[in-house]
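Trainee: return a 3D structure for these sequence lines:
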Amino acid sequence: MKALITGITGFVGRHLERFLKDKAEVYGTSRANRSENHIFRVDFQSETEIAELMNKLEPTHIFHLAGLSSVKDSWERKTDFIEANVMGTIHLLEAVRKTNRGIKVVTIGSSEEYGKIPPELDKVSEEMRLDPSSPYGISKSAVSMLAKLYHESYGLDITHARPFNHIGPGQRQGFVTTDFAYQIALINKGKTKTAAMRVGNLKVARDFTDVRDIAEAYYLLACSGTAGEIYNVCTGKGVYIEEILEILSNFSDKKIEYEVDPARLRVADVPRLVGNPEKLMILTGWKPKKKLEDTLRDIYHHCLKAL
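Mentor: The predicted model follows:
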């Protein structure tokens, strides 16, 4: 495998690179100049730049992680999210189509593609009708449709991964587990005036997977994913945000209080979003290895060390 990871310097990209280090020759792209000689600065609004890199590297596999990923930010930056996630994907797939249609591409979507879920539905399967409820979810829905279009119309070897919430050490602020862990770390370091955290809606349930398990799933899909198919990447277990807060609070040496911050509430929030991972598991044998409590402990200690 000669792998190209777009967005290699991002949260998932860094973990995927570590996972692949003894399995593939790894290259990556970044929006900024990097000193590493295996990482190339590429503008994904330029099909020409992408095609030039394809011809230079001749990758066998592409993991398309580049893009914007914050649901909250997407409400304020709708155009940016469409350009980065939708147009960036079009330019990549056009470059693949024109340089080497034999490259195996894994496009990365999101559980946000599903959006509003019927309350009686326990787990979401890949056949569920898409009903995204955020600009980010719309952009990722478009990515999944582009993957299907380019496979059916041009014969490109594309598999679409649809991950649910993925968490782990190194994730930036703006995502719930890191936001909670960072605030608790600040309180324990004595760097706040109050022991009260600011939180959003705690009564929503999500399907959380450790990013290191996600990286393995992406690799397995690159090896054996069926072209034109979509695969949920998740645990199949729903966890309420208040449970996440409780676990993280237990790591604290100080008593943690919290107050709801209206600024942290989403314009539209899905009460429950849990995936069915059976399709992925049956195909590859993948199962998540990391326990939620261990993942949250790793996140908390990463935040402590960063202060």
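Trainee: so where do the strands sit in the protein?
Mentor: 2-6, 25-30, 39-41, 61-64, 104-108, 157-163, 166-167, 196-199, 205-206, 209-210, 230-233, 239-240, 257-260, 272-273 (DSSP state E).
Trainee: dump those to a markdown table, plus distance to Phe180.
Mentor: Placement of C-beta: from N, CA and C, glycine included. Formatted as a markdown table, these follow (distance: least, CB to CB, whole Å):
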| stretch | distance to Phe180 |
| --- | --- |
| strand 2-6 | 28 |
| strand 25-30 | 28 |
| strand 39-41 | 31 |
| strand 61-64 | 28 |
| strand 104-108 | 25 |
| strand 157-163 | 20 |
| strand 166-167 | 10 |
| strand 196-199 | 7 |
| strand 205-206 | 13 |
| strand 209-210 | 16 |
| strand 230-233 | 23 |
| strand 239-240 | 13 |
| strand 257-260 | 9 |
| strand 272-273 | 18 |
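Trainee: tell me the contacts of the spatially closest residue to Gly7 that is not a sequence neighbour?
Mentor: The shortest distance from Gly7 to any residue that is not its chain neighbour, by CB to CB, 6 or more residues apart in numbering, is 3.5 Å, and that residue is Ala66. With contacts defined as CB atoms under 8 Å, 6 or more residues apart in numbering, the neighbours of Ala66 are 6-7, 10, 29, 31, 44, 84, 88.
Trainee: how near is Ala66 to Leu4?
Mentor: With distances taken as CB to CB, to the nearest Å, Ala66 is found 10 Å from Leu4.
Trainee: overlap of the contact sets of these two?
Mentor: Here Ala66 and Leu4 share the contacting residues Thr29, scored by CB under 8 Å, 6+ apart.
Trainee: any stretches of the stretch 201-307 of the chain with poor pLDDT?
Mentor: Regions of the stretch 201-307 of the chain meeting the criterion pLDDT under 70 cover residues 266-268.
Trainee: ok, which stretches of it are helices?
Mentor: For the stretch 201-307 of the chain, the helices defined by DSSP state H, counting those that start in this stretch occupy 211-224, 241-250, 278-284, 292-306.
Trainee: if we can go back for a sec, so which of the strands of the chain gets nearest Leu280?
Mentor: Leu280 lies closest, by CB to CB, to one member of these: strand 230-233, at 4.5 Å.
Trainee: what sits up against that closest one?
Mentor: Taking CB under 8 Å, 6+ apart as the criterion, the residues outside strand 230-233 that touch it are 109, 111, 124-126, 144, 147, 159-164, 166, 209, 214, 217-218, 221, 225, 275-277, 279-280, 283.
Trainee: that one pairs with which strands?
Mentor: Its sheet considered, strand 230-233 pairs with strand 157-163 (parallel) by DSSP bridges.
Trainee: how about the contacts made by Pro169?
Mentor: Shown in contact with Pro169 (CB under 8 Å, 6+ apart): 298-299, 301-302.
Trainee: most widely separated two among the residues you listed?
Mentor: Pairwise over these, using CB to CB, the maximum falls at Ile299 and His301, 7.6 Å.
Trainee: on that earlier part again, in helices, which of the contacts of Ala66 fall?
Mentor: Per DSSP state H, helices hold the following members of these: Gly88.
Trainee: report the buried residues of stretch 119-128.
Mentor: For stretch 119-128, a neighbour-count test (16 or more other CB atoms under 10 Å) marks 123-124, 126, 128 as buried.
Trainee: let me fix that: stretch 274-290
Mentor: By neighbour count on 16+ other CB under 10 Å, the buried set for stretch 274-290 is 274-277, 279-281, 284, 286, 288, 290.
Trainee: end-to-end on that stretch?
Mentor: End-to-end distance of stretch 274-290: 18 Å, with CA to CA, to the nearest Å as the criterion.
Trainee: and the contacts of that stretch?
Mentor: Under the contact criterion CB under 8 Å, 6+ apart, stretch 274-290 has outside partners 111, 122-126, 162, 164, 205-207, 209-210, 212-213, 216-217, 220-221, 223-226, 229, 231-238.
Trainee: try stretch 27-45
Mentor: Contacts of stretch 27-45 (CB under 8 Å, 6+ apart): 2-9, 13, 17, 26, 49-50, 53, 57, 59, 66, 83-84, 87-88, 91-92.
Trainee: pLDDT of that stretch, averaged?
Mentor: The average pLDDT for stretch 27-45 rounds to 93.
Trainee: just the endpoints, please. Distance across it?
Mentor: Counting by CA to CA, you get 19 Å between the two ends of stretch 27-45.
Trainee: again, but for stretch 248-260
Mentor: Where stretch 248-260 begins and where it ends lie 17 Å apart, using CA to CA.
Trainee: buried ones in it?
Mentor: Applying a neighbour-count criterion of 16+ other CB under 10 Å, the buried positions in stretch 248-260 are 248-249, 251, 256, 258.
Trainee: distance from the biggest helix by length in the chain to the middle of the chain?
Mentor: For the chain, the helix reaching the highest residue count under DSSP H is reported as helix 135-154. Mean C-alpha position of helix 135-154 versus that of the full chain (CA atoms, centre = their mean, to the nearest Å) differs by 16 Å.
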